[in-house]
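Q: Everything below, folded, please.
(one chain, ligands or ions: 1)
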Amino acid sequence: MHCTEAGKPLIKFTHCKKSIYSFSVPRRCPLCQQEVGSAKLEEAPVSISNPFTDGHQEKCSFLLRPTQGTFLREYDGKSDLHVGITNTNGVVYNYNQCGVQRDQAGWEQSLSVPLVQPNMFGLRDQWDRYLEDFSATGAWLPHRYDEDYHNCYSYTLSFINCILTTEGKEQLDKNEFTEKYVIPRTRLASKYIILYRAIEKHGFYAVDHPDQGASPPSEVLCAEGCV
Ligand SMILES: [Zn+2]
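A: As a prediction, this is how the structure comes out:
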């Protein structure tokens, strides 16, 4: 679960009336140098859920990753993102200037949004065939690619809309798609990345408890458990 591609796990503990984030619980508090050992229950360390997953382990999901590099190392909040859809075997279908790609590697640190509820057996059974048939249509030939108007987003959104139509549901337009599938994930990822890089640089990251006057960095608390 904690493979290096997804980054090291983060934990949070309480000391000096602050929430302190780090990669592991240190023997001594980095602020007061006292031993952290005999923690009260409410001070016990908790793990912070990592927003990134290995996309090749995700079935029937929408995936996002930076076009270049990885989230934890290179993403700056504005970098171009590349998106794709997984089949039931973790093959990532995505569209670029070379046409539809079927990637078996390269999406190990992705943001993922499941597209099929666990009880939708019919859709799950047909998923790979839908995805393959959809990808074989002329719309996704290499020469049709346009960086702004006919790109990886067009491909995934069209596929999601085909599925929604099949399910008798309303289609999403580009803005709804971005608001529903892209922005919540990238926002969460950005907070986590800031926290992660600060810990890499300084060994820890301390914020005041929210009930003692919230400072902006304490927003990272949202990164817990809501993925
Ligand atoms: Zn302390």
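Q: If I look at the closest residue in space to residue 69 that isn't next to it in sequence, what pLDDT would I see?
A: Ranked by CB to CB, 6 or more residues apart in numbering and with sequence neighbours excluded, the top spatial neighbour of residue 69 is residue 75, at 7.2 Å. From N, CA and C alone the C-beta is placed, and that goes for glycine too. Listed pLDDT for residue 75 reads 92.
Q: Kindly report the same for residue 155.
A: 98.
Q: cool, and residue 14?
A: On pLDDT, residue 14 comes in at 89.
Q: Ok, the one 3 residues further on next?
A: You'll see residue 17 listed with a pLDDT of 89.
Q: in the chain, which spans are strands?
A: Taking DSSP state E as the criterion, the chain carries its strands at 10-15, 18-22, 46-48, 61-66, 81-86, 92-96, 99-103, 111-114, 205-208.
Q: and residue 113, how many residues sit next to it?
A: By other CB atoms under 10 Å, the residues close to residue 113 number 17.
Q: and it, what are its bridge partners?
A: For residue 113, the beta-bridge partners under DSSP bridges are residue 62.
Q: pretty sure it is touching residue 60, no?
A: No: in this structure, residue 113 is not within contact of residue 60 by CB atoms under 8 Å, at 10.3 Å.
Q: List the contacts of the most centrally placed residue in the chain.
A: Central residue of the chain (CA atoms, centre = their mean): residue 111, 2.1 Å from the mean position. Counting by CB atoms under 8 Å, 6 or more residues apart in numbering, residue 111 touches 51, 52, 53, 63, 64, 65, 71, 185, 186, 188, 189.
Q: And for residue 142?
A: By CB under 8 Å, 6+ apart, the residues touching residue 142 are 97, 98, 99.
Q: Quickly note the distance from the closest residue to the first one other than its chain neighbours to residue 98.
A: When the adjacent residues along the chain are set aside, residue 97 lies closest to residue 145, with 4.6 Å between them (CB to CB, 6+ apart). Per CB to CB, to the nearest Å, residue 145 is found 8 Å from residue 98.
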